[in-house]
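Engineer: Using only what follows, build the 3D model:
(chains A and B)
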Amino acid sequence: MPIKKLYQEEQIDSPLGQLWHAFASNPFAVAGLWAVIFLLLLVILGPLLAPFQPELQNPDAILLPPSWDQAGHVSHFLGTDDLGRDLFSRILHGVRLTFGMSLIVVVCALVVGFIIGSLSGMMRGLKSSILGHLLDALLSIPSLLLAILVVAVTGPGLSNVFWAVGIALTPQFVRAIHQAVHEELQKEYVTAAKLDGASQIQIFWYVIMPNVWDVVIIQTTIAISVAILDIAALGFLNLGAQAPSSEWGSMIYQGLSSLLIAPWTITIPGLAILFTVLSINLVGDGLRSALAPIRN
Amino acid sequence: MWRYLIRRLNLFIATSIVMMAVLFFATGMFPVEKGYALTGIQFPTEEQQVQTVEDYKLDKNQFSQFYAYVTQRLSGNLGISVNSQQDVAEELSAVLPASFELSLFAGCIAVFFGVPLGVLASLSSSKPVQRSILAITLTGYSIPVFWLGLTLALWFGVQLEWLPISGQINLLYEIEPVTRIMLIDTLLSESSYSMSAFKDALLHIILPAVTLAVLPFTVVIRITRQAMVTVMTQTYIRAAEARGLSTYRILIRHALPNALIPVLKAFGLMLGSFASYGIIVEVIFAWPGVGSWLINAIYQRDYTVIQAGILSVSLLIIFLSIMIELLHTTINPINRKELYAD
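Structural biologist: Here you go, the predicted structure:
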């Protein structure tokens, strides 16, 4: 006999639970979340799963089409490029370079941007506007131009991409967090906390921050997708990761020479980038619409 | 309003100075001799050497060097290109219009197709339509532009042979540069083939412009849809409905102008990534604009061209974003009220 509910008990979820419910009601967002988890696993396990070394050249299988093609062979699942390197292994190794690196860049930019943004947001007057607007100048230089500047100073390479993309992303975090903190600071509940005798640090951390985290989260998802596209674009322009690297943008650049006879050498890395960015954007979009009713 | 204008002007000057300081700092760090990085003269004669030190105050401290740098650059002295030995300012004025042409064309495509689609999307209440629009716009956001450009070129250019995939115009046409915007120049030219040259230029611009338009197009659809949904729930729309106005009239006259304000703002915020995308598209389609000029310069380590390109593009973006903000405030007085309140 099933247990009957005697009382109409109304249970209200915690804010996090509400967020999860709103998020889970959107199937696209959940699919995106699964894809992101899958990619995160690949960042850790990718090189272990890969059947070949990314730079291993197989002279017997040059420009082999993907395995579903008539001429393809299953030993090279996604085919090979013009040097006989296995595309499937290269894609798996590239997850770490493109997606993994974008995560590291975004975390670094987030930490720096969070510190500067919250400091300038909590200050008033000239100090605040100098700190807040100082980086606006960097915001106006497109990330690609910034990367060109970095490459001109230090030469191309994957580590310089880190600096270029990081410098380009930081001002966006500064601006978003500065604005959010500044906006919350004007509200009356903050005045109430101030009248209760809360110190600046208490106001910042316990009063304002709970209302700013959602801005930080949304900005982070946007930044990750921007970072992936920027890293890949620099790889494609041969300013980022250099030739034998299996970074996805760089793979497209290396496939350019055999574009007409072997289009899969650019289609497959391109689809990998599209899949990654799309799943990040799906999660970001789901989070944004899940957070929206709470915010309003 | 005046107070507002002056504040924006201050912001423009301040950001430009910071931007130039970043550039000056980076120029000092280029792995070559400073005089060479500044002027582009690799083996200067005695006189040139003296002239360079005189112009850029290389014997003085960093501050007067920066001041000299700013005055030189703003008076139009951008040095000479290391590779072509031409005046950089002249080269810049030759490539800038081509970029303008491409980005204006792409922007127009985005607005002309994006706004109506966004309005249509906001009107439909069926789940499948909304989901598919969400899917399309998200894919448009996520697609890497270099891959999209290559794929479009491969399909429409190479396999179907519908459209040309490189350059501004077929080299057989000799068009005299007047405005340096090819679509206008072909119409202005007095030769007998001016009409067919115009058609050829139009065919050349389609693929790069469509590739570049994908990002603003998706942004415009999303923002228009969101803004229309918000505007349509407001009371003045209900009042207009109560007066018996037709849906079409309400949409076009009452709702759309208010819904377009956020679109304008989104354009201002998008300028940076739009410029980045433009550079990549120019490289893929060999469009003779600032982007491909700049990328060639970095491959050849042409330091003066790198500086000039970054300086001009960044100043343009700062200027345009502040202009858009001004325009936004002018047509949207609520924004102004917030500004005076603080």
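
Engineer: so residue B:32 touches residue B:303, yeah?
Structural biologist: Yes: counting by Cβ atoms under 8 Å, residue B:32 does reach residue B:303; the two are 6.6 Å apart. All C-beta atoms are positioned from the backbone trio N, CA, C, and that covers glycine.

Engineer: Looking at the two, which is more packed in?
Structural biologist: residue B:303 (24 against 14; other Cβ atoms under 10 Å in any protein chain shown).

Engineer: burial of the residue nearest to residue A:63 when sequence neighbours are not counted, as a residue count?
Structural biologist: Among residues not flanking residue A:63 along the chain, residue A:262 sits closest, at 4.7 Å (Cβ to Cβ, 6 or more residues apart in numbering or on different chains). For residue A:262, the neighbour count with other Cβ under 10 Å is 20.

Engineer: What distance do you get for residue A:262 to chain B?
Structural biologist: Separation of residue A:262 from chain B (Cβ to the nearest Cβ, to the nearest Å): 11 Å.

Engineer: What average pLDDT does the lengthiest helix in chain A get?
Structural biologist: Using DSSP state H to define each element, chain A has its longest helix at helix A:264-295. Mean pLDDT, computed over helix A:264-295, is 84.

Engineer: same for that helix, what does it pack against?
Structural biologist: In terms of contacts (3 or more Cβ pairs under 8 Å, 6 or more residues apart in numbering or on different chains; DSSP states H and E), helix A:264-295 is packed against helix A:15-24, helix A:27-49, helix A:87-95, helix A:209-236, helix A:248-255, helix B:127-142, helix B:145-152.

Engineer: quick one, what contacts residue 122?
Structural biologist: Just so you know, I chose chain A. Residues near residue A:122 by Cβ atoms under 8 Å, 6 or more residues apart in numbering or on different chains: A:128, A:181, A:185, A:200, A:204.

Engineer: not what I meant, chain B
Structural biologist: Residue B:122 is in contact with B:224, B:225, B:226, B:228, B:229, B:232, counting by Cβ under 8 Å, 6+ apart.

Engineer: closest one to residue B:6 among the helices and strands packed on helix A:264-295?
Structural biologist: The closest of those to residue B:6 is helix A:209-236. By Cβ to Cβ, the value is 30.3 Å.

Engineer: Give me the mean pLDDT for that closest one.
Structural biologist: Averaging pLDDT along helix A:209-236 gives 88.

Engineer: Give the buried residues for whichever strand or helix holds residue A:159.
Structural biologist: Assigning secondary structure by DSSP states H and E places residue A:159 in helix A:158-185. Residues of helix A:158-185 classed as buried by neighbour count (16 or more other Cβ atoms under 10 Å in any protein chain shown): A:158, A:160-178, A:180-182, A:184-185.

Engineer: Could you check the helix or strand following that helix against chain B for contacts?
Structural biologist: Sequence order places helix A:188-195 as the next helix or strand after helix A:158-185, per DSSP H and E. No: legend: contact between helix A:188-195 and chain B by Cβ under 8 Å from any Cβ of the partner chain is lacking; minimum distance shown is 15.2 Å.

Engineer: Report the angle between helix A:188-195 and helix A:209-236.
Structural biologist: 120 degrees (axes from the mean of the first three to the mean of the last three Cα atoms, to 10 degrees).

Engineer: Would you mind getting the angle between helix A:188-195 and helix A:158-185?
Structural biologist: Angle, helix A:188-195 to helix A:158-185, by the same axes, to 10 degrees: 80 degrees.

Engineer: May I have the residues that are in contact with residue 274?
Structural biologist: In the absence of a named chain, chain A is used. Applying Cβ under 8 Å, 6+ apart to residue A:274 gives the contacts B:139, B:142, B:143, B:144, B:147.

Engineer: could you do chain B instead?
Structural biologist: Counting by Cβ under 8 Å, 6+ apart, residue B:274 touches B:103, B:212, B:215, B:216.

Engineer: Which single one of the residues you listed is nearest to residue A:96?
Structural biologist: Closest to residue A:96, out of all of these and judged by Cβ to Cβ, is residue B:215, at 27.3 Å.

Engineer: domains for chain B, by residue range?
Structural biologist: Following automatic domain parsing, chain B resolves into domains at B:37-77, B:97-287.

Engineer: which residues touch the closest residue to residue A:164 other than its chain neighbours?
Structural biologist: Nearest residue to residue A:164 in three dimensions, chain neighbours excluded: residue A:147, at 3.5 Å (Cβ to Cβ, 6+ apart). When contacts are counted by Cβ under 8 Å, 6+ apart, residue A:147 touches A:160, A:161, A:164, A:165, A:168, A:230, A:234, A:239, A:240.

Engineer: Quick check: the second one touching residue A:234?
Structural biologist: Just to be clear, that refers to residue A:161. Yes: taking contacts as Cβ under 8 Å, residue A:161 lies within contact range of residue A:234: 5.2 Å.

Engineer: Please report how far the spatially most central residue of chain A lies from residue A:114.
Structural biologist: Centroid-nearest residue in chain A, with Cα atoms, centre = their mean: residue A:224, separated by 1.5 Å. Residue A:224 sits 15 Å away from residue A:114, going by Cβ to Cβ, to the nearest Å.

Engineer: circling back to that earlier point, for the residue nearest to residue A:63, give me its contacts.
Structural biologist: Contacts for residue A:262 were tallied using Cβ under 8 Å, 6+ apart; they are A:63, A:65, A:79, A:81, A:82, A:255.

Engineer: returning to that earlier point: what's the distance between the longest helix of chain A and the middle of its chain?
Structural biologist: 9 Å (Cα atoms, centre = their mean, to the nearest Å).

Engineer: Would you indicate which residues of that helix are buried?
Structural biologist: Buried positions in helix A:264-295, judged by neighbour count with 16+ other Cβ under 10 Å: A:264-274, A:276-288, A:290-291.

Engineer: Flag the shaky bits of the stretch 51-200 of chain A, pLDDT-wise.
Structural biologist: When residues are selected by pLDDT under 70, those of the stretch 51-200 of chain A lie in A:132-138, A:140.

Engineer: again, only this time at 80
Structural biologist: Where the stretch 51-200 of chain A drops to pLDDT under 80, the residues are A:56, A:58-65, A:67, A:69-77, A:79, A:82, A:84, A:124-143, A:155-157.

Engineer: How about the stretch 201-342 of chain B?
Structural biologist: In the stretch 201-342 of chain B, residues with pLDDT under 80: B:332-342.

Engineer: what does it have sitting close to chain A?
Structural biologist: So far as Cβ under 8 Å from any Cβ goes, the stretch 201-342 of chain B lies against chain A at B:272-273, B:275-276, B:279-280, B:283, B:294-295, B:298-299, B:301, B:303, B:306, B:309-310, B:313-314, B:317-318, B:321.
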